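> Sequence first, predicted model second:
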Amino acid sequence: LWLLKGIGALEAAHVARALEDEHAANREHGVKLSEKFPALQSKVMAMAGDSALRVQYQLAYTLGEFNTPAARALLVKLIAQHGDDRWFRVAVLASAANQPAEFLSVVKNRDFLQQLAQIIGARRQTAEIEALLAKNGTDPAALNGLARGMKLSGGARIKSASAEAAFRRVLASDNPAVQQAAWNAARNFDMPTIFARALAEAEKGALSAVRAIGSGVEPAKAILVLEKLLAGNPTAELQAAAIGSLGETGDARAPAIILGVWKTLRADARVRAVNALAGRKDWAPKLIEAVEKNQVEAAGVDIAARARLLESSDAELVKRAKALFTSGTAERAKALAAYASVPSLNGNAAKGKLVFEENCARCHMPRRQGGRVGPDLSGVNNKTREELLKAILDPSAAIEPRFVNYMVTTKDGQVFDGVIANETPAAITLRGGTEEGDQTILRKNVAEVRASSISLMPEELEKSIDKQAMADLIAYLRAGL
């Protein structure tokens with residue numbers, strides 16, 4: 001059949017025979033090949049009840065090619081039957097992309113709802129967004145999906161009286177998850193009265209409002225509120241939220257405010273502060289200067305932020321960063337020499353498991369949101385103790401190609417980094433070492449993509465793992481995960 005298609009000799013009669021074949025695999029390929037034969041549509045649609053799951057799965061993709069009301073009605077039936085199957089959700093979403101709002105009335109699975117809402121957000125069709133908010137406006141899955149889709153596609157804020165009324169209702173919710181999701185989505189809309197309320201609530205220390213005003217309010221107004229909050233010795237959670245919002249403003253005054261309160265920042269806020277400064281081309285030199293002046297401790301700049309600085313397209317910035325952060329081959333050689341006795345020590349695999357979970361599991365084990373960002377370590381027990389020690393203490397000496405760290409700079413000067421989890425002609429998806437999920441950047445917004453020569457795995461682990469703990473870790477790795 002495919003050979004006939006390749007030489008231009010495939011006819012509807014050939015495909016019709018495949019659709020009736022006793023072998024499910026032939027019926028599956030028949031469904032796929034039917035897409036170019038409109039006369040076969042009714043015959044194909046009658047296969048929704050086929051006994052083979054793969055035939056139904058292919059049908060979910062093929063119905064999108066038909067793009068008729070009857071085909072979409074059948075897709076609704078398929079997702080109602082198979083909504084808990086993630087691959088059916090993918091297939092139906094691919095086919096529903098041109099008319100996503102038609103599926104809101106049948107959504108039962110919350111993962112499907114979030115993905116559908118993301119498509120609606122990315123399309124930025126006001127009528128579809130209003131339909132989503134009317135039907136699912138109090139569901140955090142729908143609101144978070146809407147926010148992510150609108151952020152991905154970019155563009156001006158949408159003005160809609162219906163949407164504003166919906167947000168006014170949902171923002172009055174007592175449920176923190178609903179309220180936070182609503183603020184995430186609301187920042188993509190032109191709603192002056194609602195964000196005036198957000199400013200007022202942020203001044204009082206309302207956490208969800210503080211998180212919202214960074215990108216939802218005029219930067220000049222947000223800066224004043226956030227600066228005042230940070231000066232008032234807020235809680236650690238509120239402090240981290242304020243720093244995150246400062247970074248989102250993109251305002252030129254933000255770096256000075258962040259650096260001015262650096263000594264008062266707790267751990268989470270420090271991570272956000274460094275990420276904000278290293279994440280913009282015009283702010284990165286200010287971070288370097290702060291480290292040079294000992295205003296910020298070099299140890300406070302994590303490996304991901306260092307990689308952004310060391311792999312910058314700004315040659316002068318790279319030179320300054322290398323002087324501050326590059327330990328170099330000689331330093332790694334010293335660390336290996338200092339730990340040369342480790343392979344001869346008796347390690348405890350049970351204790352090593354605890355060391356692994358504290359220092360390594362975040363990147364080397366599958367995460368709740370997306371895959372691992374470091375190599376799969378199954379089979380690592382075949383390596384010698386000496387090989388494992390070198391890989392741990394000098395990670396940049398050999399980087400597996402699938403886990404190279406990439407820096408993506410957008411046209412507005414933001415810098416993102418991570419391993420490439422997915423790449424299409426339209427977008428690049430990066431996966432970092434956190435639980436916050438993957439970051440997708442549209443290619444139309446990309447200015448530059450650069451591969452890093454620095455491993456995402458941090459150097460200087462000897463500072464947090466002593467010799468016996470290292471021996472325990474190696475014992476655990478060699479015992480097989």
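The structure has been received and is ready for your questions.

> alpha carbons only for contacts and neighbour counts from here, please
OK.

> what's the burial count for Arg197?
By other CA atoms under 10 Å, the residues close to Arg197 number 12.

> Now do the same for it: its pLDDT.
Note on Arg197: pLDDT of 89.

> same question, Pro375
So, for Pro375, pLDDT stands at 61.

> How about Lys351?
You'll see Lys351 listed with a pLDDT of 91.

> do you know how far it is from Leu336?
From Lys351 across to Leu336, the span is 22 Å (CA to CA, to the nearest Å).

> the more surrounded of those two?
Shown here are Lys351 and Leu336; by other CA under 10 Å, Leu336 has more neighbours (19 against 16).

> Would you mind confirming that that one is in contact with Lys390?
Yes. Using CA atoms under 8 Å, Leu336 makes contact with Lys390 at a distance of 6.9 Å.

> hey, what's in contact with both of those two?
Between them, Leu336 and Lys390 share no contacting residue under CA atoms under 8 Å, 6 or more residues apart in numbering.

> Spatially nearest residue to Met191 (excluding sequence neighbours)?
Glu164 (6.4 Å; CA to CA, 6 or more residues apart in numbering).

> actually Ala186, sorry about that
Phe167 (7.1 Å).

> quick one: contacts for that neighbour?
Counting by CA under 8 Å, 6+ apart, Phe167 makes contact with Gly137, Ala182, Ala186.

> Among those residues, which ones are in helices?
Counting by DSSP state H, the contacts of Phe167 place Ala182, Ala186 in helices.

> quick one: which of the contacts of Phe167 is most hemmed in?
Within the contacts of Phe167, most neighbours by other CA under 10 Å means Ala182, with 29 neighbours.

> Thought Arg168 was touching that one, still the case?
No. The criterion here is CA under 8 Å, and Ala182 misses it with Arg168 at 9.5 Å.

> shouldn't Leu388 be in contact with Leu473?
No. Using CA under 8 Å, Leu388 makes no contact with Leu473, being 9.6 Å away.

> Run through the neighbouring helices and strands of the host helix or strand of Arg197.
Assessed by DSSP states H and E, Arg197 sits inside helix 192-203. Helices and strands touching helix 192-203, by 3 or more CA pairs under 8 Å, 6 or more residues apart in numbering; DSSP states H and E, are helix 207-216, helix 219-231.

> what do you get if the cut-off is 10 Å, keeping everything else the same?
Helix 192-203 sits against helix 161-170, helix 176-186, helix 207-216, helix 219-231, with contacts defined as 3 or more CA pairs under 10 Å, 6 or more residues apart in numbering; DSSP states H and E.

> which residues touch the last one?
By CA atoms under 10 Å, 6 or more residues apart in numbering, the list of residues contacting helix 219-231 from outside reads 196, 198-200, 202-205, 210, 212-217, 238-243, 245-246, 248-254, 257-258, 260-261, 264-265.

> Likewise for the second one?
Counting by CA under 10 Å, 6+ apart, helix 176-186 makes contact with 121, 137-151, 157-158, 163-164, 166-168, 170-173, 194-195, 198, 207-213, 215-216, all of which sit outside it.

> Show me just the buried residues among those residues.
Buried subset of the contacts of helix 176-186 (neighbour count, 16 or more other CA atoms under 10 Å): 121, 137-151, 158, 163-164, 166-168, 170-171, 194-195, 198, 207-213, 215-216.

> quick one: the helices in the stretch 51-200 of the chain?
Applying DSSP state H, counting those that start in this stretch to the stretch 51-200 of the chain gives helices spanning 53-66, 69-82, 86-96, 110-123, 126-136, 140-153, 161-170, 176-186, 192-203.

> Just send the ones you listed back as a markdown table, with distance to Glu316 too.
Formatted as a markdown table, the helices of the stretch 51-200 of the chain follow (distance: least, CA to CA, whole Å):
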| stretch | distance to Glu316 |
| --- | --- |
| helix 53-66 | 51 |
| helix 69-82 | 55 |
| helix 86-96 | 46 |
| helix 110-123 | 38 |
| helix 126-136 | 46 |
| helix 140-153 | 32 |
| helix 161-170 | 47 |
| helix 176-186 | 37 |
| helix 192-203 | 39 |
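
> Ala427 is nearest to which of the ones you listed?
Nearest of those to Ala427, taken as CA to CA: helix 140-153 at 9.6 Å.

> Stretch 197-214: how far from the chain's middle?
The chain centre lies 25 Å from the centre of stretch 197-214; the measure is CA atoms, centre = their mean, to the nearest Å.

> distance between the ends of it?
With CA to CA as the measure, stretch 197-214 spans 14 Å from end to end.

> Neighbouring strands - and their directions - for whichever strand or helix holds Ile428?
In the assignment (DSSP H and E), Ile428 maps to strand 427-431. The strands beside strand 427-431 in its sheet (DSSP bridges) come out as strand 415-423 (antiparallel), strand 439-442 (antiparallel).

> List the buried residues for the last one?
Residues Gln439, Thr440, Ile441, Leu442 are the ones in strand 439-442 that count as buried (16+ other CA under 10 Å).

> The nearest residue to the second one once chain neighbours are set aside pairs with what?
So the one you mean is Thr440. Nearest residue to Thr440 in three dimensions, chain neighbours excluded: Thr429, at 4.2 Å (CA to CA, 6+ apart). Beta-bridge partners of Thr429, counted by DSSP bridges, are Asn422, Thr440.

> Can you get me a residue count around the spatially closest residue to Ile392 that is not a sequence neighbour?
Nearest-residue entry for Ile392: Leu461, 7.5 Å, with adjacent residues in sequence omitted and distances by CA to CA, 6+ apart. The number of residues packed near Leu461 is 15, by other CA under 10 Å.
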